[in-house]
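J.: here is a sequence together with a model predicted from it:
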2 protein chains.
Amino acid sequence: MAAKVTLLSGGVGGSKLALGFSKILPPQQFTVIANTGDDFQFLGLHISPDCDTLIYTLAGLVDPVTGWGVSGDTFHALEVAGSLGAADWFRLGDRDLGLHLYRTSRLREGMPLSEITRRIAAVMGTNCSVIPMCDKPVPTWIDTDHGDLHLQEYLVRHGMRPVVNGIRYENIDQAEPAPGIAESLAGSDLIIAAPSNPFISVGPILAVPRMKQLIQEARGLKIGISPIVSGKALKGPLAKMLEQLGHRVSATTVARMWADWLEVFVVDESDAGLRTEIQDLGLRCVVLPTVMTSIEDKKMLAQQILDMAGSR
Amino acid sequence: MAAKVTLLSGGVGGSKLALGFSKILPPQQFTVIANTGDDFQFLGLHISPDCDTLIYTLAGLVDPVTGWGVSGDTFHALEVAGSLGAADWFRLGDRDLGLHLYRTSRLREGMPLSEITRRIAAVMGTNCSVIPMCDKPVPTWIDTDHGDLHLQEYLVRHGMRPVVNGIRYENIDQAEPAPGIAESLAGSDLIIAAPSNPFISVGPILAVPRMKQLIQEARGLKIGISPIVSGKALKGPLAKMLEQLGHRVSATTVARMWADWLEVFVVDESDAGLRTEIQDLGLRCVVLPTVMTSIEDKKMLAQQILDMAGSR
C-alpha cells in the first residue's frame, strides 16, 4: 500500500510534482496544500492563481505552453474589457473567467474558499484533494524600488523588473489552516515542500499560524525539493529575489530557510557538490534528477520521493 | 437641416427604431434615453440589458438572430460557470462579459453609470448618444403568482410564464434624470416614445422624478409609437401583461397610458380603425407601417416620423 502524501505547493513549479504524485497515488492518499498569498482581485473577481494552476494541471486542462490557464482558451472577454479601458495585464481566458465568476459569486454568498475550491476541483476532476492554505485573504506584498506592489502586480504587471527590498504577508497572523489541513498533515507519511519559491509560494503556507507546528508535530517524514538548480531558479523571480535580498543563489540557501522543520532536502544531480553544506545544516541530503520536463520525469521524481517513506 | 430627436427606448423593440434614426440623423442630433429598470446583478456583474442592446444594435454588433448580445459571440465562461453550479439562465456571451466586467469595475470605482455608458458607446461606435435614464439603480419588480420577481427573472428565468399582478419600480422616487437628459429634451424638435413596452421599458423612464415634467415643458413635438399591432405585441410580454392586469390588448390602451404627455400617437396601418378612439383621447393619430423587419423599414419609419417635425 502506497504512502499518504501532503504537498505544500505554489503554482506552475509545484504543480509539476503534484501531477507526478497524482499519477501514482490513489486520490484519497494525496493532498495538496496550495498557497493563496498570490490571490488577488482583478476586474472585481477573486483570482486564486496557484489553486487554479494546480487544479487545471491535475485535471489535465492546463495550457501546456504557459503552464497556467486553460488549454485552447479564448480571450474574448478580456479583449473587450481592455478595449474599453479596463485593466487587462492579467491574462484571463474566457473559460478561466467562468471559474472566477463562480468563485467570486460563492465567496460573496459567504461560502469559504476551501469549500469552493473543493467543489471546483471535484467538477474539474483533479483526482486528489486541493486545499487552499487558509480561508482568509492574506495578500503577499512586495516592497520594491517602485513602491509596495501586490505580488501579481510585481510578477505580471511589472514583469519582475522592480528591485525587491522585502516581502510581507498581510493579515497572516489572523489566518488559520483551512479545514482538512490538520487531518491531512497528521495522517501523512510524507510532508513535502514542492520545488516552489520559498518567499512567495511555500513561505506564506508556512507562515499561517499553527501550520509549522502542525507539520513539526506530524509523524510523516518532512522533505523539501530545491527550487534552485545549478545556482539558477527553474522559473520565476526566485534567483532575483535571493540576490536582491542579499542571499546566495543556491539550493543551500533554501535548505537553510527550511532547516527548522525539514528532515530531508532533495537537490538536483547538478548540485551534488552541495551535499556537505546541506548536511551541515542538520539535514539529510538526497541527490535526484529534479528537473521535470516530461510526464515521465514528474512521475519518476514523485516515485523516488515516495520511496523515502519510512526511511527515517 | 435635420431635426433634433430624443427617443425614449427599451431594448430589442426600441433599438430597431433607434437604428433607423441613427442612419438618417447626424450623431449630435440624435439621443436615446435608455430604460435601466431592467438592470440587475448577475454573477456579481452589473448588467444593463437595454443600454447594451441599444449600443450593440447602434454599433452594428448585435446578434441579428436574437436581437441582443454580440454577433458571433462565444459562451465559454458561462458554460464553465454553469458546469460548476453557478446561475447560467441569463445568456452572457464572452465578449458581452467583457463589457459587464468593465462596467462593474468602473461602478465600484464610483464612476456614474451614465459616464460609463457614454464611454462604452464611444468605443463601440454608436454614432449617437445613449444615456441611461438615471444613475441610481431602480430595479423593476414584477408581482406574480410565483412571488415577487425581478424583471429579468420574470422575463428570462421564468420565461414570462408567471401571472402578473402588478409592477413596481423600486427606489424610483430617489432617482433623477441622468446628466445630459434635460438638455437633450429641451433641445429636441421631436421627443419620441419608441414602440417599447409601456410597463417595463418606457414606464420606468417616465417614472423618474422630473422626467415627465421635463418632457412636458420641452418645445418638441411629443410622439408615441404603438408597441401593439393588430391586438398583439410584436414581441415580449406586453400582450400578456395588459391582459393579466385587466386591460384591452390594443394600441388604444397604450395611447391612453401616454395621453397626459403625448401629442401624436402612431399606429400601424392594420390599426387604422382605432383612429377615432385615439383622437377621442385628445391625441393626433397618425397611421404608418410600423412593423420594422428590414433596415429599410427602420429608416423609412424614422424618416416618416421625422417629417412630422414642425407639424404641430
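T.: Cool, the structure landed.

J.: helix or strand for the nearest residue to residue A:275 once chain neighbours are set aside, which one?
T.: Using CB to CB, 6 or more residues apart in numbering or on different chains and skipping residues adjacent in sequence, the residue nearest residue A:275 is residue A:285, 4.6 Å away. All C-beta atoms are positioned from the backbone trio N, CA, C, and that covers glycine. Using DSSP states H and E, residue A:285 sits in strand A:284-288.

J.: can you count the residues close to the closest residue to residue A:287 other than its chain neighbours?
T.: Using CB to CB, 6+ apart and skipping residues adjacent in sequence, the residue nearest residue A:287 is residue A:272, 4.8 Å away. Look at residue A:272: counted by other CB atoms under 10 Å in any protein chain shown, it has 10 neighbours.

J.: check whether residue A:272 really touches residue A:286, as I assumed.
T.: No. Taking CB atoms under 8 Å as the definition, residue A:272 is not a contact partner of residue A:286, at 10.3 Å.

J.: convert the C-alpha atoms of stretch A:216-235 to PDB, please.
T.: Provided in PDB are the C-alpha atoms of stretch A:216-235 (Å, rounded to 0.1, in the frame of the first residue of the first chain):
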ATOM      1  CA  GLN A 216       6.500  19.600  13.100                       C
ATOM      2  CA  GLU A 217       4.200  17.500  15.300                       C
ATOM      3  CA  ALA A 218       3.200  15.300  12.400                       C
ATOM      4  CA  ARG A 219       4.700  11.800  12.200                       C
ATOM      5  CA  GLY A 220       5.500  11.900   8.500                       C
ATOM      6  CA  LEU A 221       8.900  12.400   7.000                       C
ATOM      7  CA  LYS A 222       9.500  16.100   6.100                       C
ATOM      8  CA  ILE A 223      11.100  16.500   2.700                       C
ATOM      9  CA  GLY A 224      11.900  19.700   0.700                       C
ATOM     10  CA  ILE A 225      12.800  19.800  -3.000                       C
ATOM     11  CA  SER A 226      15.100  22.600  -4.100                       C
ATOM     12  CA  PRO A 227      13.600  25.100  -6.500                       C
ATOM     13  CA  ILE A 228      17.200  26.200  -7.200                       C
ATOM     14  CA  VAL A 229      19.200  24.100  -9.600                       C
ATOM     15  CA  SER A 230      22.800  24.900 -10.500                       C
ATOM     16  CA  GLY A 231      22.500  28.300  -8.900                       C
ATOM     17  CA  LYS A 232      19.500  29.200 -11.100                       C
ATOM     18  CA  ALA A 233      15.800  29.300 -10.500                       C
ATOM     19  CA  LEU A 234      14.000  26.900 -12.900                       C
ATOM     20  CA  LYS A 235      11.400  29.700 -13.400                       C
END
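
J.: please enumerate the helices of the stretch 201-312 of chain A.
T.: A:202-207, A:211-217, A:238-244, A:251-258, A:275-279, A:295-306 (DSSP state H, counting those that start in this stretch).

J.: now render those as JSON lines, adding mean pLDDT and mean neighbour count.
T.: Output for those, formatted as JSON lines (pLDDT from 0 to 100; neighbours: other CB atoms under 10 Å in any protein chain shown):
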{"stretch": "helix A:202-207", "mean pLDDT": "98", "mean neighbour count": "24"}
{"stretch": "helix A:211-217", "mean pLDDT": "98", "mean neighbour count": "16"}
{"stretch": "helix A:238-244", "mean pLDDT": "96", "mean neighbour count": "19"}
{"stretch": "helix A:251-258", "mean pLDDT": "98", "mean neighbour count": "23"}
{"stretch": "helix A:275-279", "mean pLDDT": "97", "mean neighbour count": "17"}
{"stretch": "helix A:295-306", "mean pLDDT": "96", "mean neighbour count": "18"}
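
J.: can you add distance to residue B:124 and give those helices back as CSV?
T.: Below are those laid out as CSV (distance: least, CB to CB, whole Å):
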stretch, distance to residue B:124
helix A:202-207, 41
helix A:211-217, 49
helix A:238-244, 42
helix A:251-258, 51
helix A:275-279, 60
helix A:295-306, 45
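
J.: neighbours around the closest residue to residue A:14 other than its chain neighbours, how many?
T.: Counting by CB to CB, 6+ apart, residue A:14 lies nearest to residue A:194, which is 3.3 Å off, once chain neighbours are set aside. By other CB under 10 Å, 28 other residues sit near residue A:194.

J.: now the phi/psi pair for residue A:194, please.
T.: phi -60, psi 160 (degrees, to the nearest 10).

J.: residue A:191 now?
T.: phi -120, psi 120.

J.: if we can go back for a sec, how close does the residue nearest to residue A:275 get to residue A:223?
T.: With distances taken as CB to CB, to the nearest Å, residue A:285 is found 11 Å from residue A:223.

J.: need the overlap of contacts for these two.
T.: The contact sets of residue A:285 and residue A:223 overlap at A:264, A:265, A:266 (CB atoms under 8 Å, 6 or more residues apart in numbering or on different chains).
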